[in-house]
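Trainee: Kindly generate the corresponding structure for this input.
(one chain, ligands or ions: 1)
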Amino acid sequence: MKGMIIIKKNTPLVTHIYTADPSAHVFDGKIYIYPSHDLDHECEDNDNGDQYTMEDYHVLCMDDVDSECIDCGEVLHQDEVPWVSQQMWAPDCAYKNGKYYLYFPARDKDGIFRLGVATSDTPGGKFTPEPDYIKGSFSIDPAVLVDDDGQGYIYFGGLWGGQLEKWQTGEYVENPAVPAGEQKALGPRVAKLTDDMLQFKEEPKEIVILDENGEPIKAGDEDRRYFEGPWMHKYNGKYYLSYSTGTKCTIVYATSDSPEGPFTFGGKILEPVIGWTTHHSIVEVNGKWYLFYHDSSYSRGVSGMRCVKYTELTYNEDGTIQTINPYANE
Ligand code: FUB
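Mentor: A predicted model of the protein is given here:
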């Protein structure tokens, strides 16, 4: 199945389906994009995220950034995953051991978000799910880095509908106290993956994000505190953790010498887009860097009906990233 022809940055990559949360990678010399698949629906928006009613995944593929974007078709449906009840949200894909691993969050039969994994011999799927979720997993938005030494790291976590607040004690608590104001903000979680990439090798750890004075970012600092949608990439030997600030609708980043942090806040990557959520990935293609992101422009602002796009990302000489306004030239 084919999507529309793409030759312009900052336009929807496909328009035959609604797509969001694009995780882009170069595999086998092509760009593969692993998005969420938003359904055409009439759900009311709420802070629990019920308007994001996704059931399956499609994989998108481009030969290059200016090429036609192909929809490889449905690669996994919730009916194929025994533990899932609903809401297959933002996925990511990683390559190791000659296999492709699709990581995805979804609610289990008790309504609790967990992380699952499905495997394939090819980047365009289909993917075969493991029968159960990753043991000890929780919350949403998995992103995986396979480091240069072959160690896989999984980053995850999202506030509000993503349930991260409910796991502060390590156990699920339905109505927890939520950090606010001057209290330390909750951080995303990281865990090393087992060599077969199918389980956590260790208990997930909370990532600390520091401000310019070496102090942990506070919960009330909504311009900088972590909300959801982590992404990890390396540039010139440094680890860049980028994420959504949620309520401020921006994408920001922090850097570290270690994949597990602590990270120091670096700045803003993306100004707010049309729609409430903002979610992204960063990938190098033929020596240039690109930001894949989504907005709700194609549905004229409907939160749960989004479209994935890309734009070029520029580093300054000192390794800081220039802020992007995707509508600057409109
Ligand atoms: O797509 C559903 C949720 O919206 C994702 O998990 C979040 O990152 C936000 O984009």
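Trainee: Stretch 102-111: which residues count as buried?
Mentor: For stretch 102-111, burial by neighbour count (16 or more other Cβ atoms under 10 Å) applies to Leu102, Tyr103, Phe104, Pro105, Ala106, Arg107, Asp108. Where C-beta positions appear, they are placed from N, C-alpha and C, glycine not excepted.
Trainee: Now tabulate those in JSON lines and tack on pLDDT and secondary structure.
Mentor: Output for these, formatted as JSON lines (pLDDT from 0 to 100; DSSP: H, G, I helix; E, B strand; the rest coil):
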{"residue": "Leu102", "pLDDT": "99", "secondary structure": "strand"}
{"residue": "Tyr103", "pLDDT": "99", "secondary structure": "strand"}
{"residue": "Phe104", "pLDDT": "98", "secondary structure": "strand"}
{"residue": "Pro105", "pLDDT": "98", "secondary structure": "strand"}
{"residue": "Ala106", "pLDDT": "98", "secondary structure": "strand"}
{"residue": "Arg107", "pLDDT": "97", "secondary structure": "strand"}
{"residue": "Asp108", "pLDDT": "98", "secondary structure": "strand"}
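Trainee: Out of those residues, which is nearest to Gly73?
Mentor: Gly73 has its nearest neighbour among the buried residues of stretch 102-111 in Leu102, at 13.9 Å by Cβ to Cβ.
Trainee: Pro123 is in contact with the closest one, correct?
Mentor: No. Contact between Leu102 and Pro123 fails when scored by Cβ atoms under 8 Å: they sit 9.6 Å apart.
Trainee: shared neighbours, the two?
Mentor: Taking Cβ atoms under 8 Å, 6 or more residues apart in numbering as the contact rule, Leu102 and Pro123 both touch Cys93.
Trainee: And the residue nearest the centre of this protein?
Mentor: In the chain, the residue lying closest to the centroid (Cα atoms, centre = their mean) is Gly229, at 4.2 Å.
Trainee: correct me, but that residue touches Gly158?
Mentor: Yes. With contacts counted by Cβ under 8 Å, Gly229 reaches Gly158, the gap being 7.0 Å.
Trainee: Now do the shared contacts for those two.
Mentor: With Cβ under 8 Å, 6+ apart as the test, Gly229 and Gly158 both reach Asp141.
Trainee: what pairs with Tyr32 across the strands?
Mentor: His25, Cys61 (DSSP bridges).
Trainee: what about it, how many neighbours?
Mentor: Tyr32 has 23 neighbours, counted by other Cβ atoms under 10 Å.
Trainee: can you check Gly125 too?
Mentor: Around Gly125 there are 23 other residues, counting by other Cβ under 10 Å.
Trainee: What distance do you get for it to the ligand?
Mentor: Look at Gly125 and the ligand: by Cβ to the nearest ligand atom, to the nearest Å, they are 19 Å apart.
Trainee: ok, that residue - contacts?
Mentor: So Gly125 contacts Tyr57, Val59, Cys72, Gly73, Val75, Leu76, Tyr100, Leu102 (Cβ under 8 Å, 6+ apart).
Trainee: pretty sure it is in a helix, no?
Mentor: No. Assessed with DSSP: H, G, I helix; E, B strand; the rest coil, Gly125 is coil; it does not lie in a helix.
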